[in-house]
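Participant: Could you look at this predicted model? Sequence included:
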Amino acid sequence: MQAHRFRIATLAAALTGVAVRIFYVLTAVRDRIELGGDARTYHLLGKALADGRGYIRATEFFADGNVVPTAEFPPAYPALLAVLDVVGLDGPLDQRLAGALLGGVTVVVIGLLGEAVAGRTVGVVAAWIAALYPQLVVFDGSLLSEGPYALLIATALLAVLQARRADDPQRWRWWALASLAIGIAVMTRSEAFLLLPLLVIPASRVRDDPRAWARTAVVAATGTLVLVGAWTIRNAVTLGHFLPLTNNSGTLIAGANCDRVYDGVQIGGWRLDCVTSVLPAGLDETEAAAELRSIGLDYAFDHAGQVPEVMAVRVARTFGLWDIRSNLFFEGLEGRDYDWLWAAWYAWLAIAAFAIGGIVARRRAGCEVWPLLVPVAIAAVTSVFSYGNQRFRMIAEPGLVVLAAIGVVAVAGWVAARRAPVDQTQAPAGSS
């Protein structure tokens, strides 16, 4: 495929993706789904930042006027919403539509990632899958951090792959981009920090030159370390505690380790009432988080015999393989349209199947696939130690979409070869 055709096809996919996302916002969530849960918290955090209130517990502030500094959520997505507030896009509908536009950029970057991995044809197919994949569509229009997160992960993967094959000085530019993308991703969802030891350090290896490897790894990690360092300093000054990432591990662990989620229909899930029923009074946010972590971990240790089963179910939920009806019901309560969640699940099954085919095709061709599988491992690890939710699979989606595109192209090539007519002019074997 020629370069200009690749650009046209990818742009067409991006525009289609934006149109599909706008359709979702205007028909599925505009009037039917009340802004609640994390989406409401993000929206109010952005509003508080735009109003100059600082990074505070925005739900409490807009309810009773109390100004309480927070580190419950990473700051990147609220900061993006604050920018939208400042330029006048301050309503939930405005910000959902802005997310739809940003989803078009994600489509382009996934297309470029596919091109970098396996050529322009795969890139175009990957872009069109990303444009139409309901899982990406839903998150881009739901006022949740997972939409921009997918863009950051796709950018990081693209930059790492390009850096590995580029010459100086382009190599250093790509590593700098990877560093920045991963840093912002960590400030969007904390588990992205695992990309440093699992992706960046192995990918930056320079054979037979440990010093060059070390230099490359330092450049590739600088953006993340600077952003995390600045956030840690802010937390120390504002909250009075050493806190590199967030305080939400307390509610996460307490809500994922209690009777209701160790057995029954919600096994492997998360319950708010498991947090509120044990929430300590009279403590600041960081102290309360530590107490909740302790309560959740104590429960896990006291029920150690159930933990392996619960962990397995958590991973199965994240990858859409466990009691999908209840899984989607509870995910719908987070503000995503139930019918679209079903469509996303059916599409996910197809993508997973083609992705497996893509892995096989790449391995048979002698090509590496591990960089695209690192985010899959991170999604699994995140689920094991937290709970099961298809939101946690978002870090893996860009790479899996590309692998699925490789599988689609491989299957199409196989079908075309099977249907190709036999050359009747070829002399039969043994003739003279």
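Facilitator: Thanks, I have it.
Participant: What pLDDT is listed against residue 60?
Facilitator: On pLDDT, residue 60 comes in at 88.
Participant: helices or strands up against whichever strand or helix holds residue 235?
Facilitator: Using DSSP states H and E, residue 235 sits in helix 210-239. With contacts taken as 3 or more CB pairs under 8 Å, 6 or more residues apart in numbering; DSSP states H and E, helix 210-239 sits against helix 170-186, helix 201-203. For the C-beta atoms, the positions are set from N, CA and C on the backbone; glycine is no exception.
Participant: For residue 65, give its distance to residue 73.
Facilitator: 20 Å (CB to CB, to the nearest Å).
Participant: Of the two, give the one with the bigger neighbour count.
Facilitator: Using other CB atoms under 10 Å as the criterion, residue 65 and residue 73 rank with residue 73 on top: 21 against 7.
Participant: is it true that that one touches residue 43?
Facilitator: No. Using CB atoms under 8 Å, residue 73 is not in contact with residue 43; the gap is 11.7 Å.
Participant: and the closest residue to residue 363 other than its chain neighbours, what are its phi and psi?
Facilitator: Closest residue to residue 363 apart from its sequence neighbours, by CB to CB, 6 or more residues apart in numbering: residue 369 at 6.7 Å. As for residue 369, its main-chain torsions (degrees, to the nearest 10) stand at phi -130, psi -10.
Participant: I figured residue 369 hits residue 357, correct?
Facilitator: No. Contact criterion CB under 8 Å: residue 369 and residue 357 do not qualify, at 11.9 Å.
Participant: So for the worst-scoring helix or strand of the chain on mean pLDDT, what gets flagged as buried?
Facilitator: Least confident helix or strand, the chain: helix 58-64 with a mean of 88, by mean pLDDT, DSSP states H and E. Neighbour-count burial for helix 58-64, counted by 16 or more other CB atoms under 10 Å, picks out 58-59, 61.
Participant: of all those, which comes closest to residue 365?
Facilitator: Nearest to residue 365 among the buried residues of helix 58-64 is residue 58, at 50.5 Å by CB to CB.
Participant: List the contacts of that closest one.
Facilitator: 41, 44-45, 47-48, 70 (CB atoms under 8 Å, 6 or more residues apart in numbering).
Participant: Now go through the residues you listed and say which are in helices.
Facilitator: Among those, DSSP state H puts 41, 44-45, 47-48 in helices.
Participant: possible to save those residues as CSV with distance to residue 220 and pLDDT?
Facilitator: Output for those, formatted as CSV (distance: CB to CB, whole Å; pLDDT from 0 to 100):
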residue, distance to residue 220, pLDDT
41, 32, 92
44, 35, 94
45, 30, 95
47, 35, 95
48, 34, 94
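Participant: Report the distance from the least confident helix or strand of the chain to the chain centre.
Facilitator: On the basis of CA atoms, centre = their mean, to the nearest Å, helix 58-64 sits 28 Å off its chain's mean C-alpha point.
Participant: Beyond that helix, next helix or strand please.
Facilitator: Remark: after helix 58-64, the chain's next helix or strand is helix 76-86, criterion DSSP H and E.
Participant: and that next one, what does it pack onto?
Facilitator: By 3+ CB pairs under 8 Å, 6+ apart, helix 76-86 packs against helix 37-50, helix 92-118, helix 146-165.
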